[in-house]
Each structure stands twice: as structure tokens, then as C-alpha cells.
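# Fold the following.
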Amino acid sequence: MEKDDFVEILLSETATAFQRCAGNAESLRGAVFLYLNRAYEHGLEPDCVCDLLGVSPDNVLKRSKLSQSDEAAVMDAYEALDPILEQQYSSGA
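This next block holds a predicted model:
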């Protein structure tokens with residue numbers, strides 16, 4: 001699968017998952033974990049993973065149209081989980 005195709009699928013599926021989990025911080029955390037795991041498993045760089053989540057013009061948070069509190073829950077989960085998963089995949093584990 002081409003990188004651009006993978007990224008589009010990842011963004012779409014993650015936005016749908018975030019919408020399904022809206023209002024439940026623990027479920028949003030699980031969706032963030034899945035997003036990070038899939039992104040790093042596919043070899044995306046950490047900066048790209050961050051940009052796709054909430055920085056790039058067509059990012060997951062924008063697509064999912066979450067409330068401010070749900071967006072905050074997503075970012076809290078990202079900040080807690082990203083260093084763990086980034087290290088896991090960068091060490092080849």
C-alpha cells in the first residue's frame with residue numbers, strides 16, 4: 001500500500017473512531033493508542049504522526065469535529081502514549 005493511501009485510510013478510520021468515542025475519555029484514549037500503534041507500525045515519522053493528529057490542514061481532530069473537552073482528552077492521551085509507542089517502535093521491539 002502506498003504511503004498516501006495508508007495515511008488517508010488512517011485519517012478516515014481514526015476520525016470515525018474518535019466520533020464514536022466522543023464523550024468517553026477512556027475510549028478516546030484507546031482510539032489514540034490504536035492510531036499511534038498503526039502509524040508507527042507503518043513507519044511514519046514522529047513529526048508526521050503529530051502533524052496528522054492535529055497540526056496539518058486536514059488533520060484527524062479537524063475531521064472528527066470533537067468538542068473542546070474531547071479534543072483535550074485526545075491530546076492528553078497523545079502526550080501520555082506517544083513517547084511510549086515512539087520508543088517501542090524506534091527500538092525495533
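# So S12 sits against R63, correct?
Yes. The pair S12 / R63 is scored as a contact, 7.5 Å apart, by C-beta atoms under 8 Å. For every residue, glycine as well, the C-beta is placed using N, CA and C.
# Which one's more surrounded, these two?
With neighbours defined as other C-beta atoms under 10 Å, S12 and R63 compare such that R63 has more, 15 against 12.
# Please identify which helix or strand holds that one.
Here R63 sits within helix 60-64, counting by DSSP states H and E.
# Show me the residue at the heart of this structure, geometrically.
Geometric centre of the chain, nearest residue: Y35, 3.9 Å, by C-alpha atoms, centre = their mean.
# residues in contact with that residue?
If a contact means C-beta atoms under 8 Å, 6 or more residues apart in numbering, then Y35 has 10, 14, 17, 53, 60 as its contacts.
# gap between the residue lying closest to the last one once chain neighbours are set aside and S91?
Spelled out, that is V60. In this structure, V60 finds its nearest non-sequential neighbour in T14, 4.8 Å apart by C-beta to C-beta, 6 or more residues apart in numbering. Using C-beta to C-beta, to the nearest Å, we find T14 at a distance of 24 Å from S91.
# Same drill for the two, tell me which one is more crowded.
T14 (25 against 7).
# List the contacts of the more buried one.
Contact analysis of T14 by C-beta under 8 Å, 6+ apart lists 31, 34-35, 60, 64.
# number of nearby residues for D70?
20.
# So it is in contact with E26, correct?
No. D70 is beyond contact range of E26, at 12.0 Å (criterion: C-beta under 8 Å).
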